[in-house]
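*Asks:* Structural data only, the sequence is not supplied:
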């Protein structure tokens, strides 16, 4: 399947603002990308109406990415914190609507990096609480033709939803037009025993897919079975973009949050361009870069 190939602006900068958005849209288009992930770390960081015009100029398909910073939680938190997290996610949905995106992706349950041990009863209670707080957000998204795409993370970044099966267990009653899943090859590689089988179980609910090398470096310069992964997505009927998500080591806050302790490529441009070339080659029938 010939999917659009996209890139996350976190590869180069954080936080995204109006100036860097315009610059990076031009840069992503010049590299040959078809889509772009736009992180909205704080509402108001960038103007959605202006961004829509920039995206149209470069014919880039947008995806809005939410960031679950410390203090953003939909479970096991104070009512005020849960309410403010809901307000943030509504702002992400509204920004997506204004910019022309149909997906808002991220780990929308607890702050990234928040982990704690829980028994099965506690886990099921957390899932019940999560569904109650996600339900109005999913409705808000569906009313605007947008899907909130919930991302399982690896065990070091959350203890709540690590696998596709856990995501289905937590979210199945809400899955539909306003709520789906984001699958990220980096997290799948850590947590799934059989990645193709996990993708198959997510069939019908995959709203977005993120990719990177297993070390968060370039796609293809790693041990991941990319041909098998793309074939599994084909069988699952996923026709959306594949978006490269990695991070710059030159921004202290994002490097610490993503545990980027060393450069992952000779340059950030090389990481992006090499990944794009590898994926483009596979999608046109190649077997290697």
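*Replies:* Structure received. What you see is a predicted model, and the numbers here were worked out from it, not measured in a lab.

*Asks:* my guess is residue 209 is in a strand, correct?
*Replies:* Yes - secondary structure assignment places residue 209 in a strand (DSSP: H, G, I helix; E, B strand; the rest coil).

*Asks:* Am I right that it is in contact with residue 244?
*Replies:* No - because the distance of 10.6 Å does not satisfy C-beta atoms under 8 Å, residue 209 is recorded as not touching residue 244. Where C-beta positions appear, they are placed from N, C-alpha and C, glycine not excepted.

*Asks:* now stretch 35-54, how far from the chain's geometric center?
*Replies:* Here the centre of stretch 35-54 is set off from its chain's centre by 15 Å, with C-alpha atoms, centre = their mean, to the nearest Å.

*Asks:* what distance separates the start and the end of that stretch?
*Replies:* 12 Å (C-alpha to C-alpha, to the nearest Å).

*Asks:* which of the residues in that stretch are buried?
*Replies:* Using 16 or more other C-beta atoms under 10 Å as the burial criterion, the residues of stretch 35-54 that qualify are 35-41, 45-48, 51, 54.

*Asks:* Just those residues: which are in helices?
*Replies:* Judged by DSSP state H, the subset of those located in helices is 48, 51, 54.

*Asks:* Can you convert those into a markdown table and add a column each for distance to residue 114?
*Replies:* What follows is those, written out as a markdown table (distance: C-beta to C-beta, whole Å):
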| residue | distance to residue 114 |
| --- | --- |
| 48 | 28 |
| 51 | 30 |
| 54 | 34 |
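
*Asks:* Need the residues you listed in a markdown table (columns: pLDDT and distance to residue 253).
*Replies:* As requested, these are arranged in a markdown table below (pLDDT from 0 to 100; distance: C-beta to C-beta, whole Å):
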| residue | pLDDT | distance to residue 253 |
| --- | --- | --- |
| 48 | 98 | 23 |
| 51 | 98 | 22 |
| 54 | 98 | 25 |
